[in-house]
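[1] Give me a model of this one.
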Amino acid sequence: MAMSNRFSPSSNERSSIYFSAEENRGRRLLEMHRRLKALQNKRFHLRNELESVEKYLTSLDSQIKGLESYQQLIFDQ
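    Residues are numbered from 1 along each chain as shown. Next up, the predicted model:
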């Protein structure tokens, strides 16, 4: 009997291991939530930035076309 006590964890040790594992799962879950929120936030900012770039590109393209049309009129005279 003394031999089996030496090698099998006590009730306290089993509880400690269980709670430690639960704590690790909880921490992992919290970290996953934190990463999810960070990525969602990054996606939001990137979408806004992309929208601004799209607007700028449209404006620049319009300006280029206008300038090209103007130059065409000048050189055709």
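[2] Show me which helix or strand of the chain is least confident by mean pLDDT.
    helix 2-7 (a mean of 54; mean pLDDT, DSSP states H and E).
[3] tally of neighbours for S11?
    Using other CB atoms under 10 Å, S11 is surrounded by 7 other residues. Where you see a C-beta, it was placed from the backbone N, CA and C, and this is true even at glycine.
[4] actually A38, sorry about that
    With other CB under 10 Å as criterion, A38 counts 10.
[5] wait, what's in contact with it?
    Shown in contact with A38 (CB atoms under 8 Å, 6 or more residues apart in numbering): no residues.
[6] Do you know the pLDDT at it?
    Looking at A38, its pLDDT is 98.
[7] ok, so what distance separates it from R25?
    A38 sits at a distance of 20 Å from R25 (criterion: CB to CB, to the nearest Å).
[8] same thing with N41?
    In this view, N41 and R25 are 25 Å apart by CB to CB.
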